[in-house]
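Chemist: Below are the sequence and a predicted model; questions follow.
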Amino acid sequence: MEVKELAVIILNYRTPQLTIDCLRSLAPEINPQTHRVTVVDNASGDGSPEVIETAITQEKWQDWASLLVAPVNGGFAAGNNLGIQSTPARAYWLLNSDTLIRPQALTRLLTALYSQPRIGLVSPRLEWPDETPQISCFRFPSPASELINGAATSVVTRLFQSADVPLAVQPEPSFPQWTSFASVMIRQEVFEEIGLLDDGYFMYYEDVDFCRRAAQAGWQILNFPEARVVHLRGGSGSTKKDLAARRRPKAFLYESRTRYFAKFYGRGGLGLANVAWLSGRSLAYLREKLGNKAPHTCLEQERDIWINWSAPLRPSSFSGFGADDDRQPLR
């Protein structure tokens, strides 16, 4: 199979119209000779494949776009891995279905990716449709950052500022520790060296994990704000809405958090992260009682952070670039 300059992977789960809008915004950027777009439907079970296939045919995108239907919904990492494995390419652009591509974003990201030999990943400026920027670059989560999250108190945040996860939006290129995978371009060599996304995460923390492994291997992560992508945040899932409303999110959020801390800090580090969060939460609780302040945490969060505490880490079934897909349904 011909090796393309760039393979674009768009993951769809029950968002066919968002996916079609993303394809439509991407169409002017595509060179069919050197680019290939694969839409991975993550076993939506809602007729999404038929709707997307019809749009590809009606819009005459067949020479550069195709649909791949996953046999099971293995999650964000597993779905993207299927797409990556389906098309040999020098670089891969992972896109959420709830993204819209601004003009020249593809070209600018590719240019930035190859501007230095050790840049392994490059992300654009993520923004709302009105061009308001979104925070999309971060520090790695740590036990200290869990104290900040639990407390949600300005004094604690200032004391541990160097551990606070979100980074302010920068107008110039920057090198964050990790970046949102709502839109990220990755060299093939990075996958060859560190493997694919860890599909032990169903959703969330897989981008942190991948960036951390890439950094450990000596690759740099670049945020390049001259390339701009609209992110209709939350359009492809309800978790952020649940968190904002303090509703109890789906269990996979805490499962992923547990996997991340146990993988990079060990079981002791996971326990320390949980104790740090509970310590911060205790401070926040006092503020709520003394100052009549509304809680910031989700329902059952004090208990849910301990999910899978004693369970062994399930290995990823995608251990290397080009590995066979032997994934089984998670749930």
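Modeler: Arrived safely.

Chemist: Which SSE is immediately downstream of the longest helix seen in the chain?
Modeler: The longest helix of the chain (DSSP state H) is helix 251-291. Using DSSP states H and E, the helix or strand that follows helix 251-291 in sequence is helix 301-304.

Chemist: can I get the CA coordinates of that next one in PDB?
Modeler: Backbone C-alpha positions of helix 301-304 (Å, rounded to 0.1, in the frame of the first residue of the first chain) are rendered in PDB as follows:
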ATOM      1  CA  GLN A 301     -16.200  11.700  43.800                       C
ATOM      2  CA  GLU A 302     -14.600  11.000  47.200                       C
ATOM      3  CA  ARG A 303     -15.400   7.300  46.700                       C
ATOM      4  CA  ASP A 304     -15.000   7.000  43.000                       C
END
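
Chemist: Show me the contact partners of it.
Modeler: Arg248, Ala251, Tyr254, Leu278, Arg281, Cys298 (Cβ atoms under 8 Å, 6 or more residues apart in numbering). For every residue, glycine as well, the C-beta is placed using N, CA and C.

Chemist: So what's the gap between that helix and the chain middle?
Modeler: 23 Å (Cα atoms, centre = their mean, to the nearest Å).

Chemist: Okay, strands next: where are they in this structure?
Modeler: For the chain, strands defined by DSSP state E occupy the ranges 6-12, 35-41, 65-69, 91-96, 99-101, 119-127, 137-138, 178-179, 183-187, 220-231.

Chemist: Give me the angle between the longest one and strand 91-96.
Modeler: With axes from the mean of the first three to the mean of the last three Cα atoms, to 10 degrees applied, the angle from strand 220-231 to strand 91-96 works out at 40 degrees.

Chemist: Buried residues in strand 220-231, which are they?
Modeler: Ile221, Leu222, Asn223, Phe224, Pro225, Ala227, Arg228, Val229, Val230, His231 (16 or more other Cβ atoms under 10 Å).

Chemist: related to what we said a few turns ago, what helices and strands are in contact with the longest helix of the chain?
Modeler: helix 143-151, helix 206-216, helix 301-304 (3 or more Cβ pairs under 8 Å, 6 or more residues apart in numbering; DSSP states H and E).
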